[in-house]
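Undergrad: Let me see the structure of the following:
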Amino acid sequence: MKHYDVIVVGAGPAGLGAAIEAGRQGAKVLLLDENDRPGGQLFKQIHKFFGSREHYAGTRGFAIGRQLLQEAEEAGVEIHLGRRVWGIFPDGSVTAANDTESVRYQGSYLILATGASENALAFPGCTLPGVMTAGAAQTFANVHHVLPGQNIVMVGSGNVGLIVTYQLLQAGANVKAILEAAPKLSGYAVHAGKVRRAGVPVLLSHTVTRAMGDGSLEAVEIAQVDEHFAPIPGTEQVIPCDTLCLAVGLTPRVELADVSGCDLVWSGSLGGKLPRHNRHMESSRSNILVAGDLAGIEEASTALDEGRLAGTRAAYRLGLLDVGTYEGRRAEIQGRLDRLRQGPFGEKRRRAKEEVWKA
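TA: Reported below is the predicted structural model:
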């Protein structure tokens, strides 16, 4: 059983950020991921990021993923792909399996960056072929270069729904409508403006009530909702389509954190149950840190910097950084996180994170 200073589970933005920071400080780092390529959601994102230079403004998501992979390799990080972590044990060891074997690794510190899963909706016909999450549609179009359908209805006007809608339009699909149960858009105006200029109608205070079809999706029934999000009788209408995409939020993937004994707390603003952690990304388990969507649903840029914070903290606790150097680096990263949590969207998340830190 090989020993590592730091084992990172999850090779998305948070995991890569953590591995890079710890590796650069001289830690022996292992990065594990169940997928066959690192980068997580970045490799599905063909749009350009915005913000600061530190967050790769003007660079497309898949290019950011390639750059982070290169930085991880330059930092000496050992990367094992196609390995699903299924066990975390009290002695700090981790067990991961591929198609042919299960391997156990020993680590002084463990950083969990297991990301999030997409939420679904339950309604009559929701299991028909053609009903899928927005992330699945994005994978079809941007990774496999296959349209999931020709005539599409999107449920949810958050950033995921808006971005995937525009990418499906770019791929040649006809997005017939975006449904939003709330009375106002929930995503960034810059993304909403792009789909509106493309002529996609956004139906506020509307939801899907039924999916219809003989063997596969052929149409959806939608209805207006009241202030309690209940469908209003008599407002139903039918939209012919072959694909219905659900972009109705994300939930932190807490399974590994839970079985490892990390205390969990609830934060509706951050996606539901997540590991209790402090400002240094340390969980209730002394040798386990958390980062990214596992620590609360935010943006990819936030996940990247939370990973950097966790990797820097692990390096400090390993004795690879003195107090002054650590505090300077921590303040730099935390300053970027604070700026990301400003404004009408970020402020709510900032308050929620502070509640988690105090829990």
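
Undergrad: Name the residues of the helix or strand bottoming out on mean pLDDT in the chain that are buried.
TA: Least confident element among the helices and strands of the chain, by mean pLDDT, DSSP states H and E: helix 61-74 (a mean of 85). Residues G61, F62, A63, I64, G65, R66, L68, L69, E71, A72 are the ones in helix 61-74 that count as buried (16 or more other Cβ atoms under 10 Å). For every residue, glycine as well, the C-beta is placed using N, CA and C.

Undergrad: Same check on stretch 243-255?
TA: Quick answer for stretch 243-255 (16+ other Cβ under 10 Å): T243, L244, C245, L246, A247, V248, G249, L250, P252, R253, V254.

Undergrad: List the ones among these that fall in strands.
TA: T243, L244, C245, L246, L250, P252 (DSSP state E).

Undergrad: and those residues, which two are the farthest apart?
TA: Across those, no pair lies farther apart than T243 and P252, at 27.2 Å, counting by Cβ to Cβ.

Undergrad: So in terms of bridging, what pairs with the closest residue to L250 other than its chain neighbours?
TA: In space, and not counting its chain neighbours, L250 is closest to A116: 4.0 Å by Cβ to Cβ, 6 or more residues apart in numbering. Here A116 sits in beta bridges with P252, going by DSSP bridges.

Undergrad: what about A116, distance to R336?
TA: Using Cβ to Cβ, to the nearest Å, A116 is found at 21 Å from R336.

Undergrad: same question, G107
TA: 27 Å.

Undergrad: More neighbours: those two, which one.
TA: More crowded of G107 and R336, by other Cβ atoms under 10 Å: G107, with 25 against 19.

Undergrad: Could you name the helices and strands sitting against whichever strand or helix holds I222?
TA: I222 is part of strand 219-224 when elements are defined by DSSP states H and E. Counting contacts by 3 or more Cβ pairs under 8 Å, 6 or more residues apart in numbering; DSSP states H and E, strand 219-224 is packed against strand 206-212, strand 237-240.

Undergrad: Report the angle between that strand and strand 206-212.
TA: Strand 219-224 and strand 206-212 meet at an angle of 150 degrees, taking axes from the mean of the first three to the mean of the last three Cα atoms, to 10 degrees as the criterion.

Undergrad: Strand partners (parallel or antiparallel) of strand 219-224?
TA: In the sheet, strand 219-224 lines up with strand 206-212 (antiparallel), strand 237-240 (antiparallel) (DSSP bridges).

Undergrad: circling back: ok, so of the buried residues of helix 61-74, who is nearest V238?
TA: Using Cβ to Cβ, G61 is the member of the buried residues of helix 61-74 that lies nearest V238, at 35.5 Å.

Undergrad: Spit out the contact partners of the nearest residue to that closest one once chain neighbours are set aside.
TA: Closest residue in space to G61, ignoring its immediate chain neighbours: Q45 at 2.6 Å, by Cβ to Cβ, 6+ apart. Residues near Q45 by Cβ atoms under 8 Å, 6 or more residues apart in numbering: R60, G61, F62, N142, I163, A300.
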